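*Asks:* Can you look at this prediction? I've put the sequence above it.
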Amino acid sequence: MNARMTPRQRRFVTEYVVDFNARQAAIRAGYAAKGAAHQAWQLLNWRPNVADAVREAMKARVAFSDIRRLLETAPDGRIRPKPIESLSEADAAAIAELSVTEKGMRIRLHDKRAALLDIARHLGLVGKQTNSPPGLRAKDELPAREVLRRKLAQMAGEQTVGEAERCCGARSLL
């Protein structure tokens, strides 16, 4: 997340991508309940750094989506979608399209590759062009996966990697 945000703004971003309810996210972030809806609107519309952080956090959710969390095996062995109410907020946010026809159901997820590439670009792991390799510098001793893990932990509210793993299971996502 952007370092120019206050801790409460960073918390708002983290809370907003949980359920996409701006008013509730503002309350959970510590803003007064009475003016939470107005404060949330201001954060999303008048604070470009907060709006950018929300977009990046949403891309991170899409980037680590997994179709296996949306499907289950029926007793007859056929694969079917899980009930919508049983999906986590992150899994539901990864769905781009859901349509039901006479032939069955169609689930289309957001473009995971594009989301991962956007995150990698944002973190400086690749150049601006999609075909440019990551820039390697002499001081880079950590593998790209570890750099990405640490950057995502920072985006999640300036936590250390260990805190993010204990709190959110970040290691299981990567």
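*Replies:* Structure's in. What do you need? Not measured: the values here are computed from a predicted model.
*Asks:* contacts, neighbours, all on C-alpha from now
*Replies:* OK.
*Asks:* Domain-wise, how is this protein divided?
*Replies:* According to automatic domain parsing, the chain comprises the domains 7-61, 67-109, 112-173.
*Asks:* Same list, the ones you listed, but as JSON lines with mean neighbour count and mean pLDDT please.
*Replies:* Shown next, in JSON lines, are the domains of the chain (neighbours: other C-alpha atoms under 10 Å; pLDDT from 0 to 100):
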{"stretch": "domain 7-61", "mean neighbour count": "18", "mean pLDDT": "89"}
{"stretch": "domain 67-109", "mean neighbour count": "12", "mean pLDDT": "84"}
{"stretch": "domain 112-173", "mean neighbour count": "14", "mean pLDDT": "58"}
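*Asks:* Do you have the helices of this structure handy? List them.
*Replies:* Assigned by DSSP state H, the chain shows helices spanning 7-19, 22-29, 36-46, 48-63, 89-93, 112-122, 144-155, 161-168, 170-173.
*Asks:* In terms of secondary structure, what does the third one contact?
*Replies:* Read it as helix 36-46. Under the contact criterion of 3 or more C-alpha pairs under 8 Å, 6 or more residues apart in numbering; DSSP states H and E, helix 36-46 touches helix 22-29, helix 48-63.
*Asks:* For R28, list the residues it contacts.
*Replies:* Counting by C-alpha atoms under 8 Å, 6 or more residues apart in numbering, R28 touches F12, E15.
*Asks:* What separation do you get for the residue lying farthest from the centre of the chain and V17?
*Replies:* The centre of the chain is farthest from one residue, D76, which by C-alpha atoms, centre = their mean lies 34.6 Å away. From D76 across to V17, the span is 36 Å (C-alpha to C-alpha, to the nearest Å).
*Asks:* any idea which residue sits dead centre in the chain?
*Replies:* By C-alpha atoms, centre = their mean, the most central residue of the chain is R61, 2.7 Å off.
*Asks:* In contact with that one, which residues are there?
*Replies:* A90, A93, A94.
*Asks:* Hmm, the first one is touching V18, no?
*Replies:* Yes. Using C-alpha atoms under 8 Å, A90 makes contact with V18 at a distance of 7.0 Å.
*Asks:* if I look at the residue nearest to V100 when sequence neighbours are not counted, how far off is P81?
*Replies:* Among residues not flanking V100 along the chain, R106 sits closest, at 6.3 Å (C-alpha to C-alpha, 6 or more residues apart in numbering). Separation of R106 from P81 (C-alpha to C-alpha) stands at 9 Å.
*Asks:* And for R150?
*Replies:* Separation of R150 from P81 (C-alpha to C-alpha): 33 Å.
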